[in-house]
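Colleague: Predicted coordinates and the sequence they were generated for:
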Amino acid sequence: MISIRNLTFSWGHRKIFDNISLDIMPHKITAIMGPSGTGKTTLLKLIGGQLKPDSGTIIVDQQNVHTLSRNKLFTLRKKMGMLFQSGALLTDMSVYDNIAFPLREHTQLPESMIRTLVLMKLNAVGLRGARELMPSELSGGMARRVAMARALALDPEMIMYDEPFTGQDPISLGVLVELIQTLKQTLHLTSIVVSHDVQETTQIADYIYLLSEGKIAGHGTPTELLNSNSLWVQQFMQAKADGPVPFHYPANDLTDDLLAKN
């Protein structure tokens, strides 16, 4: 579904990706993991064409994203659903109107059919009864599920989840994990999950890429990574405080610092 080859991208003088290559297989859940600040969300923006790489190619559904015209890029984006980290619901619209918005914007469907589709999407995430609520009346977990229903509104072929588990209580976590699995199985979606939550992600991912310092530090199935011989992979997957990524930020010797004159 997605083939990334020799991707290099920088913010100013900081290199976010340094000649990386990876594949996102169709109808599978692929996780992009790594510590905060490693460019996981940036990768989603590159796939969606919001950012352009310094070099390399990103092929989505046999199309080179960054050589497409504006109209063709917008057409390709209709095949992509996006669950933003914050949910990004439109605060002055009801739950119903948030889901209806992309349908009204991108289709010529009559309101009667839009109503049917909105109720079906909300029912899929268990919130059909909340359709008249405003975003301010939703819990964090409910808002994330409404955002998921909106991401599915145009029946995309793939969906990208940006930190779907962040800030969720245990019950909401369980609901989201089950929803992502169910959507893949019932709709045969290609799913990309960006996360640093090891436990939840390894439950659902078919394949995982670990990013660190602009490179792919490890990749494989959850079982392969959990049994990896790489010290860095072990530190991340087992949440160890110290290892290849040191606990202490580089500094002078403590004794020298304490005895130094101001």
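Modeller: Ah, there it is.

Colleague: Can you report how many residues lie near I208?
Modeller: By the criterion of other CB atoms under 10 Å, I208 has 26 neighbours. Just so you know, the C-beta spots here come from the backbone N, C-alpha and C atoms, and that holds for glycine as well.

Colleague: N64 and K52 touch, don't they?
Modeller: No - the criterion here is CB atoms under 8 Å, and N64 misses it with K52 at 11.5 Å.

Colleague: separation between I99 and K121?
Modeller: 6 Å (CB to CB, to the nearest Å).

Colleague: Between the two, which is the more surrounded one?
Modeller: Taking other CB under 10 Å, I99 and K121 do not tie; I99 has more neighbours (28 against 22).

Colleague: quick one: contacts for the more buried one?
Modeller: For I99, the contact set (CB atoms under 8 Å, 6 or more residues apart in numbering) comprises 118, 121-122, 146, 149-150, 153.

Colleague: Touching, S36 and V194? I think so.
Modeller: No - at 11.3 Å, S36 does not count as touching V194 under the criterion of CB under 8 Å.

Colleague: For the two, indicate the residue with more neighbours.
Modeller: Neighbours per residue (other CB under 10 Å) separate S36 from V194, with V194 holding more: 24 against 7.

Colleague: give me the number of residues near P164?
Modeller: By other CB under 10 Å, neighbour count at P164 equals 26.

Colleague: Please, which helix or strand holds it?
Modeller: In this structure, P164 sits in neither a helix nor a strand according to DSSP states H and E.

Colleague: Would you agree it is in contact with L176?
Modeller: Yes - counting by CB under 8 Å, L176 is a contact partner of P164 at 5.5 Å.

Colleague: what is in contact with these two at once?
Modeller: 144, 148.

Colleague: ranges for the helices of this protein?
Modeller: With DSSP state H as the criterion, the chain has helices at 40-47, 70-77, 95-106, 111-124, 140-151, 170-187, 198-204, 222-226, 231-237, 254-259.

Colleague: Those: which one's closest to E132?
Modeller: Of all these, helix 95-106 sits nearest to E132, with 6.6 Å by CB to CB.

Colleague: Now do the buried residues in the closest one.
Modeller: Of the residues in helix 95-106, 95-96, 98-103 count as buried by neighbour count, 16 or more other CB atoms under 10 Å.

Colleague: Next: stretch 182-200.
Modeller: For stretch 182-200, burial by neighbour count (16+ other CB under 10 Å) applies to 183-184, 187, 189-198, 200.
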